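Novice: give me a 3D structure for the following:
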Amino acid sequence: MSSELPLILSLIFGGCCSNVFSLEVLINDAPKSGQLVTFGQFAFVALEGLRHHVEWGRFGPRLKPTVVPLSRWFLLVLLFFVVSVLNNLALGYHISVPLHIIFRSGGLIVNMIMGAVIMGKRYSVGQVSGVLLVTLGVILATLGDASTSNAVSDEGSASEFFTGISILVVAMILSAGMGLFQEVTYREYGKQWREGLFYTHFLALPFFLIFYKDLVAQVSTYNASPPSPLPVILEQIPMIGHLSTVAMPSQIRTILNDIQVPKLWAFLVFNMLTQYVCIAGVNRMTAVATSLTLNLVLNLRKFTSLLISIVYFENEFGTTAMAGTGLVILGTAVYSSGGPQKVKSKTA
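Specialist: Predicted structure coming up:
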């Protein structure tokens, strides 16, 4: 067992689960702020990555030469940007966070179909069975959420709900295509994950000009959110809030009580930080664990995030939706243990 594993698990469970929590706070208070959340996440990762990808040349700072051609990164950037925007945008259409978590697990079947058709991959009976279980689980979770949620209580809300589902379906298809293209790229140029992380975020920043008016409106909404002292905001965060209350010296708490920030801006910063911690944990995990271990850990992480969303935010998630959730978890485990897929020979 790697000595880094406890740290990695802390990064994944602490970072990813806290990220989902902060995202739900933002979406509950400002449902249409998905673009601003996405921009904040992209900007933070891009700025942090500059220290790894900028060097001083004769005429000042410049980007280091890339291992992967920029033309490859541009296509991945476009796909990653669209998928990220669509996933956060869907939350503004009466899509609950529990359903959002489960629905994004349904990309396995799209990935399998595209892998078989485009790349000639063959899958074992176990993998096919696992994907079918996941797909059935996503369908049950969607139907169960629709039947228990207030989101479809009237015709207009129902229309928004199914618009949100359509957005998630499009994002799922694009995400599967992006995954296959990324797989081919890494196979050809090596796993340049840090380079990929930087360029998929850095090169996407100009695309946010498309949402300039929306971003301005969302900034105004965030500015108008009620200001709160920092300790009060920290206390709202599960686990971290309790630890900060116990561990924080009274003198520091007194000083921080005088610092008031708009609630939404505080949680956006927290979301950006935890998004980075989550990504760092997942990338470290890929270097020390098998694909099976990674899938199981990420599955447990999703389940933990789901429990936080249901218990802390009291989201309605009926019996049918919970049964669907169980099938998704079971299906992912079955898929992970089904063995590696094989690729047909192109030279035969």
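
Novice: neighbouring contacts of the host helix or strand of residue 311?
Specialist: In this assignment (DSSP states H and E), residue 311 forms part of helix 291-312. The contact list for helix 291-312, computed with CB atoms under 8 Å, 6 or more residues apart in numbering, reads 9, 12-13, 16-17, 20-21, 24, 96-98, 101-102, 105, 238, 282, 285-286, 289, 315, 317, 325, 329, 332-333, 335-337, 340. Glycine gets a C-beta too; all of them are placed from N, C-alpha and C.

Novice: give me the subset of these that lies in strands.
Specialist: Using DSSP state E to define strands, no part of those is located there.

Novice: could you list which of those residues belong to helices?
Specialist: Mapping the contacts of helix 291-312 onto helices (DSSP state H) picks out 9, 17, 20-21, 24, 97-98, 101-102, 282, 285-286, 325, 329, 332-333, 335-336.

Novice: would you map the strands across the stretch 151-300 of the chain?
Specialist: 227-229, 260-262 (DSSP state E, counting those that start in this stretch).

Novice: of the ones you listed, which is nearest residue 214?
Specialist: strand 260-262 (18.6 Å; CB to CB).

Novice: how far does the closest one sit from its chain's centre?
Specialist: Using CA atoms, centre = their mean, to the nearest Å, the mean C-alpha position of strand 260-262 is found 26 Å from that of the whole chain.

Novice: run through who's touching that strand.
Specialist: Applying CB under 8 Å, 6+ apart, the set of residues contacting strand 260-262 from outside is 222, 223, 224, 225, 226, 227, 228, 229, 230, 233.

Novice: try it again with 7 Å
Specialist: For strand 260-262, contacts defined as CB atoms under 7 Å, 6 or more residues apart in numbering pick out 222, 223, 225, 227, 228, 229, 230.

Novice: what's near enough to touch the fourth one?
Specialist: Applying CB under 7 Å, 6+ apart, one finds that residue 227 lies in contact with 260, 261, 262.

Novice: tell me how many other residues surround the second one.
Specialist: It stands for residue 261. 15 (other CB atoms under 10 Å).

Novice: and if you look at the last one?
Specialist: Residues within reach of residue 262, counting by other CB under 10 Å, total 17.

Novice: quick check: residue 283 touching residue 193?
Specialist: Yes - with contact defined as CB atoms under 7 Å, residue 283 reaches residue 193; the gap is 5.3 Å.

Novice: which secondary structure elements does the top helix by length along the chain sit against?
Specialist: For the chain, the helix reaching the highest residue count under DSSP H is reported as helix 155-189. With contacts taken as 3 or more CB pairs under 7 Å, 6 or more residues apart in numbering; DSSP states H and E, helix 155-189 sits against helix 70-90, helix 107-119.

Novice: looking at the ones you listed, which is buried most?
Specialist: Ranked by mean neighbour count, those are led by helix 70-90 with a mean of 19 (mean count of other CB atoms under 10 Å).

Novice: how about residue 94, phi and psi?
Specialist: The phi/psi pair for residue 94 (degrees, to the nearest 10) reads phi 60, psi 30.

Novice: what average pLDDT does stretch 252-261 get?
Specialist: The average pLDDT within stretch 252-261 is 85.

Novice: now it: buried residues?
Specialist: Buried positions in stretch 252-261, judged by neighbour count with 16 or more other CB atoms under 10 Å: residue 256.

Novice: now do the same end-to-end measure for it.
Specialist: End-to-end distance of stretch 252-261 (CA to CA, to the nearest Å): 16 Å.

Novice: pull the distance from it to the chain's centre.
Specialist: Using CA atoms, centre = their mean, the offset of stretch 252-261 from its chain centre is 31 Å.

Novice: over to stretch 118-127?
Specialist: For stretch 118-127, the distance to the chain centre is 26 Å (CA atoms, centre = their mean).

Novice: state the pLDDT value of the residue nearest to residue 111 when sequence neighbours are not counted.
Specialist: Excluding the flanking residues, the one nearest residue 111 by CB to CB, 6 or more residues apart in numbering is residue 176, at 4.2 Å. You'll see residue 176 listed with a pLDDT of 86.
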